[in-house]
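Peer 1: Kindly return the folded structure for what I paste below:
(chains A and B)
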Amino acid sequence: MTEMAQRQELEQAVPLAALFTAFLAVSLYGVGGGGGIVWARRIAVENRRWISDGEFADIVSLCQFMPGPNIVGIAVCVGAKMRGTIGTIAAVSGFLVIPWAIGFSVGLLFLQYAHLPVLRHILGGIAATAAGLLIATGIRLLLPHRRRPAALLFAVLAFGLITFAKLPLLVVLFSLVPLSVAVAGIESTRARAR
Amino acid sequence: MTDPSAPLALTAHLALVSSISFGGFPTVLPDVRNFVVGIHGWMTDQDFANIFAMAQSIPGPNMILMMSFVGWKVWGFPGAVASAFATFGPPCTIYFASYRLWDRFRDAPWQQIVRLGLVPVVMGLVIASGTVMARAADTSWRAVAVTIVAGAITLATRFSPMWMLLVGAALGGLGLL
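Peer 2: Presented below is the predicted three-dimensional model:
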C-alpha cells in the first residue's frame, strides 16, 4: 500500500520548477498581506490540483498555531507534501528569493527619498491604511469564535495586555495560551459529557 | 553610532521572536519596535513607521522585507540578509517538522482544543499590532478616519487591499492627512 503510494508519487512527481513558480506567483499576487491565503488556495488546490480543499484547510490550521509568517508555512507544507525536503526548499525559494530582491530594491529607493515631504505623506497615508487592514484581518479571523465568550475574553485580554499594559509578547503568550487552552479543554469535556 | 555587537543582537532577537511569532510576524511587531526604537535607539519611531508602510505596499513577503530594512538600518546589506534569514529560517524549520508530525495526530481531540484556545489569543495579538501601528501612523483625526474606513471596508467587502493602499497613498500624497 505504502509502496504503491510511493511509486505513484514518484511517477507523478511535481517538477521542482513548478513548485518554485507557483509560490512565486502566490507571493507576487498576495500584495499587502492577507490576500496570500486566497492565492495559495487558488493555485495549489484549483489550478494545479496538488492538494484537496480538506488538505489545504489542514495546512492552514496547522500554520495558524505555529509561529512565523503563515503563508511561508503553506509553501513549506505543500512543498514537503509534494517532494519532501527538496520540495520545501523549491517552494520557499520561489516564495522568497525573487520577491525579496524586488521588494528590497524598490524599498531602498523609497527609503532614500523618505525625507521628501511628499513621499513621507504618501507613506503616512499607506501606514494609516495598512494599520486598518491589519486590525480588520485580526477581527475577521476572530469572527468564527464569536459565539464562545471565553474566546472573546482571551482575545480582549491579549489585546489589552499588549496595548495598554505594554507587557512583553512572551509574557502575554505564555500566560494566556495555557489558560485559554485549558478553558477550551474544559468546555469540550463538558460538551461531550452532555 | 551602533556598536559592533548590534547586528548580532538584532539577528538573535529576530530569530527568537520569529520562533514565537504565533499568528504571523505582525504579532511580534510591538516587541520588535520596542527593541529597535525603545531599548537600542537604532532608529526613530518615524523610521519604523516608514518601513512598516513601505513593506505593506510592496508585493511579496512583507514582514520578512520589513525586518530586512530594519537590519539594513543597523548593519547595511549583510544586516538585511541576516535579518531576513532570522525571520523566516526558524519558523520554516518548525513548519517542516510539525507537518511531519501532523498526520500522526490528525484525529487527536487535543488538536482541536489547542486550536480553540490558541486562535483567540493570537487574534487579540494581531489586533493589538494593528493598533500599535495605527498609533504611530495616525497623527491627525483624518488619518484615524482612514484607518477606521480601511478596516471597515476590509471587514464588509472583498475589495483588494491594493486599492485601499493606493487610495491611502494618494490621500497622503495630496497632503490631506
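Peer 1: Let's see the pLDDT reported for B:Gly23.
Peer 2: You'll see B:Gly23 listed with a pLDDT of 62.
Peer 1: got it, and B:Ile113?
Peer 2: Among the per-residue scores, B:Ile113 shows a pLDDT of 83.
Peer 1: which stretches of chain B aren't confidently modelled?
Peer 2: Counting by pLDDT under 70, chain B contains low-confidence residues at B:1-4, B:23-24, B:59-60, B:103, B:106.
Peer 1: Next, find the distance separating the residue lying farthest from the centre of chain B from A:Tyr113.
Peer 2: The outermost residue of chain B relative to its centre, with distances by C-alpha atoms, centre = their mean, is B:Asp107 at 32.4 Å. Taking C-beta to C-beta, to the nearest Å as the criterion, B:Asp107 is separated from A:Tyr113 by 55 Å. C-beta coordinates here come from the backbone N, C-alpha and C atoms, glycine included.
Peer 1: again, but for B:Pro90
Peer 2: When C-beta to C-beta is applied, the distance between B:Pro90 and A:Tyr113 equals 34 Å.
Peer 1: Looking at the two, which is more packed in?
Peer 2: Neighbours of B:Pro90 and A:Tyr113, each counted by other C-beta atoms under 10 Å in any protein chain shown, are more numerous for B:Pro90; the result is 20 against 10.
Peer 1: for the more buried one, helix, strand, or coil?
Peer 2: Taking DSSP: H, G, I helix; E, B strand; the rest coil as the rule, one finds B:Pro90 in the helix state.
Peer 1: What pLDDT is listed against A:Ala90?
Peer 2: Taken from the predicted model, the pLDDT recorded for A:Ala90 is 96.
Peer 1: Chain A versus the most centrally placed residue in chain B, what's the distance?
Peer 2: To find the centre residue of chain B, average its C-alpha atoms and take the closest one (C-alpha atoms, centre = their mean): that gives B:Pro26, at 3.3 Å. Between B:Pro26 and chain A the distance is 6 Å, computed by C-beta to the nearest C-beta, to the nearest Å.
Peer 1: can I assume that residue is in contact with B:Val126?
Peer 2: Yes: under the criterion of C-beta atoms under 8 Å, B:Pro26 makes contact with B:Val126 at 5.5 Å.
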